[in-house]
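1. below is the sequence, then the predicted model.
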Amino acid sequence: MKILMTALQPGGGIRSFFRYIYGQPYFQDCSLTLVAPAEGLDQFIEDYLPPGRLTLIEAASGHVGFVRQVRALLKSGRFDFVHSHGFSAGVLTEIARAGLPVSHLMTAHDVFLASQFSGWKGSLKRRVMSSVFRRISAIHTVTDDARANLLEFFPEIQDERVHSILHGVDTEYFRDGETRNLKSELGLQPETPLIGFFGRFMGQKGFRTLVDAMQAIVEKRLVEPLPHVVTFGWGGFIREDYAYLEKEGLDHYFHQLPQTHNMPAAFKGVDLVAMPSRWEACGLLAMEALAAGVPMVGTHCVGLREVLEGTPASVVAPSDSGSLAKAIADDLKNLKTRKAEFIAFQEHAVECFQISRPASELRNLYQHVYDGKLM
C-alpha cells in the first residue's frame with residue numbers, strides 16, 4: 001500500500017502523531033511519502049521512526065506551489081490514496097486532487113472555535129471550507145469530542161464520512177520511566193510541593209490561568225508550604241508569559257528548565273501535573289501523565305474532558321483560575337492519598353490509552369480507503 005501524506009504545519013501535535021502511530025508494526029507493509037516543510041522533520045523521522053518507514057519530500061513554497069506539487073505526485077499514479085494532516089493541508093490537498101480518481105483521507109489535528117468564523121470574512125471562510133470538506137472521501141478525528149466539534153461547525157458533512165479514533169501514547173514507556181529529582185535540581189526542599197506545567201507557551205494551553213491560580217494560592221496561603229511550578233522548553237509566548245508572572249511578583253515560585261526528551265522522568269519528578277487547557281483535539285499529555293501514575297488537575301474543555309472522564313483527575317472549568325487554585329490546593333493537602341489513587345489507576349490508564357489500539361484502527365481505516373469503500 002503506497003500512501004502520499006501531506007502536512008503544512010507539522011508541529012508538536014502532528015509530529016507526536018507520526019512518532020506514535022507510524023512507529024507501530026501495523027504500518028510495516030505501507031510505503032509512506034510525506035510532503036511537508038522540512039523544518040527539522042528529516043532528523044525527527046530518522047530519530048523516531050523505523051528506517052525506510054517514511055520518506056520526506058520538502059513542500060514547495062506557497063499554497064499554489066504546494067497544490068501543483070501534490071497534484072503532480074497524485075497524477076504520477078505512484079500512490080493508492082492521499083492522507084492529509086491538518087485542516088489547511090486537507091483543503092489544499094482536496095483542491096489538488098480535483099478530478100483525479102484518488103481517495104483522500106484527512107486527519108483533523110485540531111478543533112474549531114466560533115471566533116474563527118466571525119464577521120463576513122469568517123462566514124465566507126466557513127462556506128468555502130464546508131464545500132471542500134464535503135468532497136473529502138473520509139475524515140479522521142482523534143476524539144469523539146473533535147468529531148462533534150467538526151460536525152457542529154460543518155453540519156453539511158455526511159456523518160458516515162467522519163471516523164473517530166481515540167488517540168493514544170506509548171503508555172508502557174511512561175509507566176516504566178525513572179524518576180528525575182527535580183526538587184534537588186531546583187534547590188527546593190523535599191517537602192515543597194512541585195507542580196509541573198508541560199504545555200507549550202500559547203493561549204490554548206492556559207499558562208496564564210495557572211499563573212493567576214498561583215497568585216491566589218500564594219496570597220491566600222491556600223496550602224503550606226507554598227508550592228512551586230516548573231516549566232519546560234522555550235518558544236511561543238514564553239517571554240511574555242514569564243514577564244506576566246514577574247509583574248505579579250510570582251517569579252520566585254516559577255522555574256524554567258530546558259526542553260526534556262525524557263518526559264516520564266520529568267512527570268515523575270513533580271507532585272502534581274497542571275493542564276489548564278482551553279481546548280484540545282486530544283489531551284495526549286493527560287494520557288502520558290496518567291500512564292506515569294502522577295496526580296493531575298485538568299479542565300473539562302473540548303478534547304480533554306473525554307480523556308479525563310472516569311479518571312481520578314480533578315477537573316475544573318477552562319480559564320477559571322479560582323477553581324484551579326482550589327483544586328490544586330485540595331490535591332496538595334491530600335497528596336499522599338491522591339498519589340495512591342493515581343498509582344491504583346495507572347494500569348488501567350496503560351491499557352486504555354496504549355498506542356497499539358488507535359494504530360490498529362487507523363490501519364483498518366486505511367484498508368477501507370484503499371478498497372474504495374469510503375469514496
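-> Received the coordinates, thanks.

2. could you list the low-pLDDT ranges of the protein?
-> When residues are selected by pLDDT under 70, those of the chain lie in 234-236, 373-375.

3. which elements pack onto the biggest helix by length in it?
-> For the chain, the longest helix by residue count, based on DSSP state H, is helix 335-352. With contacts defined as 3 or more CB pairs under 8 Å, 6 or more residues apart in numbering; DSSP states H and E, helix 335-352 has these neighbours: helix 171-175, helix 284-292. C-beta coordinates here come from the backbone N, C-alpha and C atoms, glycine included.

4. surely residue 268 and residue 176 touch.
-> No: look at residue 268 against residue 176 with CB atoms under 8 Å: they stay out of range, at 10.4 Å.

5. neighbour count winner among those two?
-> Remark: of residue 268 and residue 176, residue 268 carries more neighbours, 21 against 12, as counted by other CB atoms under 10 Å.

6. list phi and psi for the residue lying closest to that one once chain neighbours are set aside.
-> Leaving aside its chain neighbours, residue 268 sits nearest to residue 179 (4.1 Å; criterion: CB to CB, 6 or more residues apart in numbering). Dihedral angles of residue 179 (phi, psi; degrees, to the nearest 10) stand at phi -100, psi 130.

7. show me what contacts residue 179?
-> 265, 268, 269 (CB atoms under 8 Å, 6 or more residues apart in numbering).

8. out of those, which sit inside helices?
-> Short answer: the contacts of residue 179 in helices (DSSP H) are 265, 268.

9. pick the one among the contacts of residue 179 closest to residue 257.
-> Of all the contacts of residue 179, residue 269 has the smallest distance to residue 257: 10.1 Å, by CB to CB.

10. my guess is that closest one meets residue 194, correct?
-> Yes: Residue 269 is within contact range of residue 194, at 7.5 Å (criterion: CB under 8 Å).

11. name the residues contacting each of those two.
-> 182, 183.

12. and these two? which has more neighbours close in?
-> residue 269 (23 against 19).

13. before we move on, the earlier item: now the helices and strands packed on helix 335-352 as CSV including distance to residue 348 and mean neighbour count?
-> Converted to CSV, the helices and strands packed on helix 335-352 look like this (distance: least, CB to CB, whole Å; neighbours: other CB atoms under 10 Å):
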stretch, distance to residue 348, mean neighbour count
helix 171-175, 10, 19
helix 284-292, 9, 27
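
14. I'd like the ones you listed laid out as a markdown table, including distance to residue 203.
-> Below are these laid out as a markdown table (distance: least, CB to CB, whole Å):
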| stretch | distance to residue 203 |
| --- | --- |
| helix 171-175 | 27 |
| helix 284-292 | 16 |
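
15. and of the ones you listed, who's closest to residue 360?
-> Between the helices and strands packed on helix 335-352, helix 171-175 lies closest to residue 360; by CB to CB that is 14.7 Å.

16. helices or strands up against that closest one?
-> Under the contact definition 3+ CB pairs under 8 Å, 6+ apart, helix 171-175 sits against helix 263-268, helix 284-292, helix 335-352.

17. which one of these lies closest to residue 83?
-> helix 284-292 (19.5 Å).

18. tilt between the closest one and helix 335-352?
-> Put simply, helix 284-292 runs at 110 degrees to helix 335-352, going by axes from the mean of the first three to the mean of the last three CA atoms, to 10 degrees.

19. who's in contact with the helix or strand following helix 284-292?
-> Sequence-wise, the next helix or strand downstream of helix 284-292 (DSSP states H and E) is strand 296-299. The contact list for strand 296-299 (CB under 8 Å, 6+ apart) reads 206, 272-278, 283, 286, 289-290, 304-305, 308, 313-318, 324, 327-328, 331, 342.

20. put the alpha carbons of the helix or strand just after strand 296-299 into CSV.
-> Next in sequence after strand 296-299, counting helices and strands by DSSP H and E, comes helix 305-308. Output in CSV follows, covering the C-alpha atoms of helix 305-308 (Å, rounded to 0.1, in the frame of the first residue of the first chain):
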residue,chain,number,x,y,z
ARG,A,305,-12.7,16.1,29.1
GLU,A,306,-13.1,12.9,27.1
VAL,A,307,-9.6,11.7,28.2
LEU,A,308,-10.2,12.7,31.9
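
21. hey, where'd the helices end up in the stretch 101-250 of the chain?
-> Remark: helices assigned in the stretch 101-250 of the chain by DSSP state H, counting those that start in this stretch are 119-133, 144-153, 171-175, 182-186, 207-220, 238-247.

22. nearest to residue 49 among the ones you listed would be which one?
-> That would be, of these and by CB to CB, helix 171-175, which comes in at 15.5 Å.

23. what does that closest one contact?
-> 263-264, 267, 287-289, 291-293, 346-347, 349-351, 353-355.

24. of the residues you listed, buried ones?
-> 263-264, 267, 287-289, 291-293, 346, 349-350, 353-355 (16 or more other CB atoms under 10 Å).
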